[in-house]
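Asker: below are the sequence and a predicted model for it; my questions follow.
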Amino acid sequence: MNDTINRVETGAKVNKDFELFSDLQNMEHEQIVFCSRPEVGLKAIIAIHDTTLGPSLGGVRMWNYSSEKEAIRDVLRLSRGMTYKSAISGLNLGGGKAVIIGDSRTQKSEGLFRAFGRFVDGLSGRYITAEDVGISEREMEWIFTETKYVTGIPKHMGGSGNPSPVTGYGVYMGMKAAAKRAYGSDSLEGKRIAIQGAGSVASHLANYVSKENAALFVTDIFPEKAKKIANETGATIVDPDAIYTLDMDIFSPCALGGVVNDDTINVLSCDIVAGGANNILDNEEKHGEMLVRKGILYAPDYVINAGGIINVASELEGYNEQQSMEKTSRIYDTTLQIFDYAEKNGIPTIAASNKLADERIKAVAGIKTVYSSKSHFSGRKGETYLRNRS
């Protein structure tokens, strides 16, 4: 899959009349759904990448994209990442994602999210949605009003609530594994750690890191969010443009993707890149190789930020917070295994994690290739759980 996504990213020539279908085929997506309800301001895209292992599960994010093309590229990359994330985490789930085009700070409404929920429901379980960037538990409640195919609903409604605390914990475990590999010890004490983004995941990560007496730096395009983390953890606030040139040991992107690219790699002086954002590498193959040449260890993002999906996926079998945290702690061992595989095969860590995920998907592909809601949940806890929520 790595080669196909790079074709999209590098702008290889395709027949412009069928460019979207070409992208779907090359990135091996099964389905993309465009959702429009202008009376409530809904412009959304749902992408289902692969359902070999089970129904596609992935969050919906609300972002003020500059163009439809940007939104499509994001949802295709994110849904593909969810396939790998579930596979490498040992989950019986496929990869999907949704994006809502709009300003999450000013354009949210009950009608918009209930309309989105109806589109999700129309997919009959091929896509299960969850919380992502720009979305809170309130919006998940609105979606839940219209469909049972939703996870991450508030705990008082029987769900697992906001997955960010578990995601932050998983990133922390992955960061510690990277430190173990790079420094011989997983202690973060005294390490200069720069967190890009000050959202919910970053906030929880910062709290874990600060307890190890690391030297913490934080930045965000919204200064008030960075200030909140600084007040809670004693972190030093850095200007957004200055974060890349900071003298640091570990760079932790926890905002949007594509931040490790041609321009930023040249100025990074860290030993490790380990963050909670999705698609941190702008071009997986190219920038994975560039990090290796610079001697920077990369902890693949979809591996270490998998705590969120591990947490919400547990709702399908009856939520147990302790079990979710225990499963998320295994990210430490998974990350070390990926480092070992990369070294043994002489490939970048992102290529190693992709290969391991592909191997699991291919092993199951001969049993079941296209997901059916009836076959997946028949007689299983997940079906009972979803039925009881309807």
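Answerer: Yep, that arrived. Numbers count the residues shown, from 1 in each chain.
Asker: switch to C-alpha atoms for all contacts and neighbour counts from now on
Answerer: Fine.
Asker: run the chain-centre distance for the helix or strand containing I338.
Answerer: In this assignment (DSSP states H and E), I338 forms part of helix 331-345. With CA atoms, centre = their mean, to the nearest Å as the basis, helix 331-345 stands 19 Å off its chain's centre.
Asker: check stretch 43-55 too.
Answerer: For stretch 43-55, the distance from its own C-alpha centre to the chain's C-alpha centre is 14 Å (CA atoms, centre = their mean).
Asker: dump that stretch to CSV, keeping only the CA atoms.
Answerer: Taking Å, rounded to 0.1, in the frame of the first residue of the first chain, the C-alpha atoms of stretch 43-55 are listed here in CSV:
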residue,chain,number,x,y,z
LYS,A,43,-20.8,18.6,4.1
ALA,A,44,-19.2,15.3,5.1
ILE,A,45,-17.2,12.5,3.5
ILE,A,46,-17.0,8.9,4.8
ALA,A,47,-14.2,6.7,3.5
ILE,A,48,-14.2,2.9,4.1
HIS,A,49,-10.7,1.6,3.4
ASP,A,50,-10.7,-2.1,4.2
THR,A,51,-13.2,-4.4,6.0
THR,A,52,-11.2,-7.7,5.8
LEU,A,53,-10.8,-7.9,9.5
GLY,A,54,-14.2,-6.5,10.4
PRO,A,55,-16.4,-3.4,10.2
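Asker: which stretches of this structure have low pLDDT?
Answerer: 1-18, 25, 367-390 (pLDDT under 70).
Asker: can I see the domain layout of it?
Answerer: The record assigns the chain these domain ranges, following automatic domain parsing: 29-81+93-150, 165-359.
Asker: now those domains as CSV including distance to S22?
Answerer: Output for those, formatted as CSV (distance: least, CA to CA, whole Å):
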stretch, distance to S22
domain 29-81+93-150, 10
domain 165-359, 18
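Asker: which one of these lies nearest to L20?
Answerer: Counting by CA to CA, L20 lies closest to domain 29-81+93-150 out of those; the figure is 8.9 Å.
Asker: now the end-to-end length of that closest one.
Answerer: The separation between the terminal residues of domain 29-81+93-150, taken as CA to CA, to the nearest Å, is 21 Å.
Asker: that domain: how far from the chain's middle?
Answerer: Centroid displacement of domain 29-81+93-150 relative to its chain, using CA atoms, centre = their mean, is 14 Å.
Asker: with stretch 341-356 instead?
Answerer: From the chain centre to the centre of stretch 341-356 is a distance of 20 Å (CA atoms, centre = their mean).
Asker: and for stretch 24-39?
Answerer: Distance of stretch 24-39 from its chain centroid, counting by CA atoms, centre = their mean, is 18 Å.
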